[in-house]
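> sequence below, structure please.
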Amino acid sequence: MSTPDPLRRPPGPEVIAVVVPAYNEAASIGATLAALARQTDSGFRLIVVDNASTDGTVDVVGRFAGTAPFPVEVVTETERGAGTAADTGFRHAITTGARFLARTDADCLPASDWVATSRAYLGEGFDLVCGRSVPRHDERPTWAERTVFPAAVRLAAVYGRYRRAHRAPEYRSPYVLVHGHNLALTADLYVRCGGTAREALEDGSEDVTLLNRARRVTTRITRAEDLVVESSLRRLRAWGARRTLLWYWDRRYRPPDQARVHVR
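Next comes the predicted model:
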């Protein structure tokens, strides 16, 4: 796998560091990598954070790196947690020179203009860009999965906007719907706000924590409906709509054992 020289900046547009946390995603990450390879803007480097996988995730990434149209790195984080892995990836990217950052997950499919759209928003001066999530088309979503569940998520986001905890006077930006698998931000904001919470997946929503940390230090946050990532339906299908919504609502539902937290 190639490793970019942090001291050498390529000419032209700023190179974006795309961070993908991955835990036992050998069966899924190939599609994510293929979607990244189809980006109309290939001016980015990919950092996959292996979160102590016990399957062939790293092998899949290694094979992809041999022909990828952009630099690929694998960083290891042994402490479990999507937020922890994302934080490790973001901080590695910043340490090695990145000024623009983006994140998706290893079971997701970014739209072909995802990097280009991220770059456009960050180039316009936004510090944090929160994109739109839609179901993966290759998982053949039902009508309810395409419409009813996303509508419920958006309704929950409206509740989040008016929730007292999200309206404290120290917040400088309004609350917006955020998905950890679809966001872009500047390295400067990441450092200033403290970054992603290093916590286990079942302990909290690291994307909401990042958003609220960012809201304390900047007014330049936007919800971008044209920044699109297709996300997997596997949690919804394994748990059902009620439990899934309760999971995203402050983890009011938690599986009885940790093994069931990671739906594969």
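> just list the residues touching residue 45, thanks.
By CB atoms under 8 Å, 6 or more residues apart in numbering, the contact set of residue 45 is 4, 15, 16, 17, 18, 70, 71, 72, 73, 93, 98. C-beta coordinates here come from the backbone N, C-alpha and C atoms, glycine included.
> and the residue lying closest to residue 118 once chain neighbours are set aside, how many neighbours does it have?
Closest residue to residue 118 apart from its sequence neighbours, by CB to CB, 6 or more residues apart in numbering: residue 184 at 3.8 Å. Around residue 184 sit 27 other residues, with neighbours defined as other CB atoms under 10 Å.
> quick one: distance of whichever strand or helix holds residue 184 to the chain centre.
Secondary structure from DSSP states H and E places residue 184 in strand 183-186. Averaging C-alpha positions (CA atoms, centre = their mean, to the nearest Å) puts strand 183-186 9 Å from its chain's average.
> what does that strand rub up against?
Applying CB under 8 Å, 6+ apart, the external contacts of strand 183-186 come out as 16, 99-103, 118, 121-122, 127-131, 207, 210, 214, 227.
> need the buried ones from these selected in PyMOL.
To isolate the buried ones among those in PyMOL, judged by 16 or more other CB atoms under 10 Å, type:
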select buried, resi 16+100+101+102+103+118+121+122+127+128+129+130+131+207+210+214+227
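> low-confidence ranges, the stretch 1-150 of the chain, go.
Across the stretch 1-150 of the chain, residues meeting the criterion (pLDDT under 70) sit at 1-13.
> what about the strands in it?
Using DSSP state E, counting those that start in this stretch, the strands of the stretch 1-150 of the chain run over residues 16-22, 44-50, 72-76, 100-103, 109-110, 128-135.
> mind giving me the packing neighbours of the fourth one?
Same thing as strand 100-103. Secondary-structure packing of strand 100-103 (3 or more CB pairs under 8 Å, 6 or more residues apart in numbering; DSSP states H and E): strand 16-22, helix 82-95, helix 114-123, strand 183-186, helix 187-193.
> and that strand, which strands flank it?
strand 16-22 (parallel), strand 183-186 (antiparallel) (DSSP bridges).
> okay if I get the contacts of residue 45 as CSV plus distance to residue 172?
CSV is the format used below for these (distance: CB to CB, whole Å):
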residue, distance to residue 172
4, 34
15, 29
16, 25
17, 26
18, 27
70, 34
71, 35
72, 36
73, 34
93, 25
98, 24
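> kindly indicate which of those residues lies nearest residue 165.
residue 93 (30.1 Å; CB to CB).
> what number of residues lie near the closest one?
Look at residue 93: counted by other CB under 10 Å, it has 26 neighbours.
> can you tell me which of the strands paired with strand 100-103 is nearest to residue 250?
strand 183-186 (19.6 Å).
> longest single strand anywhere in this protein?
Identified as the longest strand of the chain according to DSSP state E is strand 221-231.
> output the contacting helices and strands for that strand.
Against strand 221-231 (3+ CB pairs under 8 Å, 6+ apart) you get strand 109-110, helix 114-123, strand 128-135, helix 206-215.
> still on that earlier bit, I'd like the strands paired with strand 100-103 as TSV, with distance to residue 175 appended.
As requested, the strands paired with strand 100-103 are exported to TSV (distance: least, CB to CB, whole Å):
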stretch	distance to residue 175
strand 16-22	23
strand 183-186	14
